[in-house]
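> Below: sequence and its predicted model.
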Amino acid sequence: PQNKITAIIGPSGCGKSTMLRSFNRMNELVPTAWAEGEVLYHGKNIYDKDVDPVEVRRRIGMVFQKPNPFPKSIYDNVAWGAKINGYQGNTDQLVEQSLRDAALWEEVKDKLDQNGLSLSGGQQQRLCIARAIAVKPDLILMDEPASALDPIATHRIEELMRELAKNYTIVVVTHNMQQAARVSDYTAFFNLGENRAGILEEYGRTDVIFTNPTSQKTEDYITGRFG
């Protein structure tokens, strides 16, 4: 749903990250990967032959588990994607607004020429979020964005996600049940089916999934009985 946060939860190996990466055709960058079926985005199958995967990835941004700033200045980290996408506006304003939206501006406004890799882990992740939103996507995919961060940085990322949901649609993969319950509006529980294939066990509003799930397997996972 638009301007909502959807969490994907489930045991390791059930396909959460693979599903997430299918939403912006990142899986096809893996040499052995293949795909069947459709992913409909505004009613259009993004896997149709006439669809440009670069354009898909511009509209559907991604933030990875481990912060991965470019080895460039903080300024260039944010401006880079917009420039290669042909941005014609005021780049200084774009960089400032993106960093403000990522709750990082006040911490870095006096050192925009410093290397992005010089920042702390939590700051690097917020820089990656600023980089993602600078190209004005519709949707932001987050693959365990706080798993490599300490509790304080994790809290800041969670607060940021709730703020960003006012303007963006977010899908987040997380192993952290408390995080899913805190930040998401909807939750999809993936499980391992036959032949260790990932299946969607249950999907619904987060408050319902966590308090009154329809599947016993969902309840067992959420309460820590397996996974």
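Good, I have the coordinates. Residues are numbered from 1 along each chain as shown.
> Which stretches in this structure count as strands?
In chain order, the chain shows strands spanning 5-9, 40-41, 44-45, 60-63, 139-143, 169-173, 186-192, 198-205, with DSSP state E as the criterion.
> Just put the ones you listed in JSON lines and tack on mean pLDDT.
Listed next are the strands of the chain as JSON lines, based on pLDDT from 0 to 100:
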{"stretch": "strand 5-9", "mean pLDDT": "98"}
{"stretch": "strand 40-41", "mean pLDDT": "95"}
{"stretch": "strand 44-45", "mean pLDDT": "96"}
{"stretch": "strand 60-63", "mean pLDDT": "95"}
{"stretch": "strand 139-143", "mean pLDDT": "97"}
{"stretch": "strand 169-173", "mean pLDDT": "97"}
{"stretch": "strand 186-192", "mean pLDDT": "96"}
{"stretch": "strand 198-205", "mean pLDDT": "96"}
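> Compare those and report which one is nearest to I129.
Go through the strands of the chain one by one with CB to CB and the one that ends up closest to I129 is strand 60-63, at 5.6 Å. No exception for glycine: its C-beta is placed from N, CA and C like everyone else's.
> Can you mark which positions in stretch 218-227 are buried?
218-219, 221-222, 227 (16 or more other CB atoms under 10 Å).
> in those residues, which two residues are the furthest apart from each other?
The most widely separated members of these, counting by CB to CB, are E219 and G227 (11.7 Å).
> which residues of this structure fall in helices?
Secondary structure of the chain by DSSP state H: the helices cover 16-22, 53-59, 74-84, 91-101, 105-108, 121-133, 151-164, 177-183, 206-211, 216-222.
> And the shortest one, how far out from the chain middle?
Read it as helix 105-108. Average the C-alpha atoms of helix 105-108, do the same for its chain, and the two points are 22 Å apart (CA atoms, centre = their mean, to the nearest Å).
> Kindly export that helix (C-alpha atoms) in PDB.
Provided in PDB are the C-alpha atoms of helix 105-108 (Å, rounded to 0.1, in the frame of the first residue of the first chain):
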ATOM      1  CA  TRP A 105      22.100  17.500   7.300                       C
ATOM      2  CA  GLU A 106      22.800  19.000  10.700                       C
ATOM      3  CA  GLU A 107      25.600  16.500  11.300                       C
ATOM      4  CA  VAL A 108      27.400  16.900   8.000                       C
END
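> Now the residue nearest to the spatial centre of the chain: closest residue in space that isn't a chain neighbour?
When the chain is reduced to its mean C-alpha position, the nearest residue by CA atoms, centre = their mean turns out to be M142, at 1.5 Å. Excluding the flanking residues, the one nearest M142 by CB to CB, 6 or more residues apart in numbering is V172, at 4.2 Å.
> Next, count neighbours for the one you found.
Neighbourhood size, V172 [other CB atoms under 10 Å]: 26.
> Return the residues in contact with it.
The contact partners of V172, taken as CB atoms under 8 Å, 6 or more residues apart in numbering, are 5-8, 141-145, 161, 180, 183-184.
> Run through the bridge partners of it.
Per DSSP bridges, the residues bridged to V172 are A7, M142.
> what about it, distance to A7?
5 Å (CB to CB, to the nearest Å).
> Quickly list what's touching both of the two.
What both V172 and A7 touch, as defined by CB under 8 Å, 6+ apart, is the set 180, 183-184.
> quick one: which of those residues is most hemmed in?
The member of those surrounded by the most neighbours (other CB under 10 Å) is S184, with 27 neighbours in all.
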